[in-house]
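Peer 1: missing the sequence, but the structure's below:
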């Protein structure tokens, strides 16, 4: 934006209005803070720990301290102060299950084939549940939760109760699918960290 020549006549016509400057919100904030006053990092308070005194630092903009928060929703994903994604992971799975709840008539219908129901589940439920999965850190517990999430959906499609004493392998064979959601998440994570030359 700083290199745009004076008198520039180009742009984009939208609803009888010429748009000549498009900026990201981050750029606007950066420009506003650079034109006003540079953010300063200063000790805002102290606390005792064991034998020493530890200063806690805060960010001051125009002599006002910015509030520090524990969690922050950004583009549909929940970012936490500690960098862990356990809360985000479980929130995503819950949202996926919530999306899968309303179309009960589809899951219970005898006129729709099982393969069509599974394709619908992958398109509607799995995409919501795995949004932002590139940044997840999958440990053993998360893998178990992800597997249980898939099995719950397949059992709903097949109308197999948890009390029916049918193993997960039986459900997978009956649905004629493999455990692919975990592999999909891993592939997305790997693609996210791959560096192209």
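Peer 2: Looks like it came in fine. The structure displayed is predicted, hence computed values, not measured ones. Numbering: from 1, shown residues only.
Peer 1: how much space between residue 10 and residue 16?
Peer 2: Using C-beta to C-beta, to the nearest Å, we find residue 10 at a distance of 17 Å from residue 16. (C-beta placed from N, C-alpha, C; glycine too.)
Peer 1: Oops, could you answer that again for residue 145 instead?
Peer 2: Taken as C-beta to C-beta, the spacing of residue 145 relative to residue 16 amounts to 52 Å.
Peer 1: which secondary structure elements does the longest helix along the chain contact?
Peer 2: Longest helix in the chain, counting residues (DSSP state H): helix 140-158. With contacts taken as 3 or more C-beta pairs under 8 Å, 6 or more residues apart in numbering; DSSP states H and E, helix 140-158 sits against helix 86-100, helix 114-121, helix 168-175, helix 181-193.
Peer 1: what angle sits between the second one and helix 168-175?
Peer 2: Direction vectors for helix 114-121 and helix 168-175, defined by axes from the mean of the first three to the mean of the last three C-alpha atoms, to 10 degrees, enclose an angle of 110 degrees.
Peer 1: got the buried residues for stretch 169-183?
Peer 2: Across stretch 169-183, burial judged by 16 or more other C-beta atoms under 10 Å covers 171, 175, 177, 181.
Peer 1: that older thread, save the helices and strands packed on helix 140-158 as CSV, and put in mean pLDDT too.
Peer 2: Below are the helices and strands packed on helix 140-158 laid out as CSV (pLDDT from 0 to 100):
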stretch, mean pLDDT
helix 86-100, 85
helix 114-121, 90
helix 168-175, 90
helix 181-193, 82
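Peer 1: Nearest approach to residue 153 belongs to which of those helices?
Peer 2: With C-beta to C-beta as the measure, helix 114-121 is the member of these nearest residue 153 (5.3 Å).
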